[in-house]
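Participant: using only what follows, build the 3D model:
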Amino acid sequence: PRDPRAVAAGALWAAPARERDRAFAAPPESEGGLTLAQAVNRALADAMAADPGVLVFGEDVARKGGVYGVTRGLARRFGGERVFDTLLDEQAVLGLALGSGLAGMLPVPEIQYLAYLHNALDQIRGEASTMQFFSRGAYRNPLVVRVASYAYQKGFGGHFHNDNSIAALRDIPGLIIASPARPDDAAAMLRTCLAAARVDGSVCVFLEPIALYHARDLFEEGDDGWLAPYAPPARWAETHVPVGRARSYGDGRDLTIVTYGNGLRMSLRAAARLTAEGMGCRVLDLRWLSPLPVDDLMRAADLTGRVLIADETRRSGGVSEGVMAALLDNGFTGPITRVTSRDSFVPLGPAAGAVLLSEAEIEQAARALLTRS
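Facilitator: Residues are numbered from 1 along each chain as shown. As a prediction, this is how the structure comes out:
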């Protein structure tokens, strides 16, 4: 059972001002625009300051601060009992999370790369997600698994580090899958996931796009269009992001581009060019991949009558299949098309561009759909 109102209230849980001052050298809301990585870092610090049961652990998260610096400084501020490095073994990481959740704590383990999660997926599928179901609610595994995710890393890659498959997650009953792309969404959605775990005992997977961790610009170099300020606790209620709510950009009436993750930045850029030519586009960021934001999806689709799905996962077993099914199941009759990454592992270096969804493909497909009678 889910209690959205209680989760919304739980997402507002902030530390007293004195504890918050100890957690931050300066309030994060005073820092100006933050990157995605910085927003996640500040949200984790806020959560740890408010709740002594929150634990952050994983491979290289403490002394190194994570491969991408997302957990930098947390071990120094909160100590080695609450922020610590683990063995290089995903089953051990998630196994520790399962035990600490049962013991009444709120574990936030990090999986270093999405491909590494598959090595230990049964800890989520067969253990964490089934605990409430098979115990009729007597036991639960509150859990928020942070995963450095997706592809599009420049100068680095291979299928162990550039993975774009989440099909094995999306069919797990009750699992919440969050996929923030913007810094402000990341902080708010992480608070929602922590509250859902604490209040409902939910198991959440929080997919963080690696390629957007340190992105600053949106349309052109130096515009800082991908940065966002950190909301102070007084504004957490108005910025709360409920599970299963999408975010819309633009007010075009000709085409809706449905996307998420890295696809959001590419779609916004493509939509801006099309809008400048008089073709009205709106972009819908799903934000939650399970449960899908079906109500928001249908509203955005009905506003334009045409839907393009820009999906960075693979064509077979990808997110776009579920989006298309949701549209059809709920009676959408307009034209739908999709652009996806290829059914392939992601190769090293520049060769990755041969299989990954591109901005040019999104724009080309949008133009084709806009001219369809």
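Participant: drop to CA atoms for contacts and neighbour counts, all remaining ones
Facilitator: OK.
Participant: not including adjacent chain positions, what is the nearest residue to His240?
Facilitator: In space, and not counting its chain neighbours, His240 is closest to Ala188: 5.8 Å by C-alpha to C-alpha, 6 or more residues apart in numbering.
Participant: which SS class is the one you found?
Facilitator: helix (DSSP: H, G, I helix; E, B strand; the rest coil).
Participant: wait, it touches Val243, no?
Facilitator: No. Using C-alpha atoms under 8 Å, Ala188 is not in contact with Val243; the gap is 10.6 Å.
Participant: quick check: buried residues in stretch 170-187?
Facilitator: 170, 174-187 (16 or more other C-alpha atoms under 10 Å).
Participant: among those residues, which one sits closest to Tyr150?
Facilitator: Distance to Tyr150, by C-alpha to C-alpha, is smallest for Ser179 among these, at 10.3 Å.
Participant: now do the strands in the chain.
Facilitator: Applying DSSP state E to the chain gives strands spanning 54-58, 83-85, 106-111, 143-149, 176-178, 203-209, 247-249, 255-259, 281-285, 288-290, 307-314, 336-341.
Participant: could you name the helices and strands sitting against the last one?
Facilitator: So that's strand 336-341. strand 307-314, helix 319-329, helix 359-370 (3 or more C-alpha pairs under 8 Å, 6 or more residues apart in numbering; DSSP states H and E).
Participant: out of the ones you listed, deepest packed?
Facilitator: Across the helices and strands packed on strand 336-341, averaging neighbours per residue (mean count of other C-alpha atoms under 10 Å) puts strand 307-314 on top, at a mean of 27.
Participant: tell me which strands that strand pairs with, and in which orientation.
Facilitator: Partners of strand 307-314 in the sheet, by DSSP bridges, are strand 255-259 (parallel), strand 336-341 (parallel).
Participant: now the last one: average pLDDT?
Facilitator: Translated: strand 336-341. Averaged across strand 336-341, pLDDT comes to 98.
Participant: return stretch 138-147 as PDB; C-alpha atoms alone will do.
Facilitator: Below are the C-alpha coordinates for stretch 138-147, written out as PDB (Å, rounded to 0.1, in the frame of the first residue of the first chain):
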ATOM      1  CA  ALA A 138       5.200  -7.800   8.700                       C
ATOM      2  CA  TYR A 139       8.700  -7.000   7.300                       C
ATOM      3  CA  ARG A 140      10.000  -4.500   4.800                       C
ATOM      4  CA  ASN A 141      13.200  -3.400   3.200                       C
ATOM      5  CA  PRO A 142      13.200   0.400   2.900                       C
ATOM      6  CA  LEU A 143      15.800   1.100   0.300                       C
ATOM      7  CA  VAL A 144      17.000   3.800  -2.100                       C
ATOM      8  CA  VAL A 145      19.600   2.400  -4.500                       C
ATOM      9  CA  ARG A 146      21.500   5.200  -6.300                       C
ATOM     10  CA  VAL A 147      22.900   4.100  -9.600                       C
END
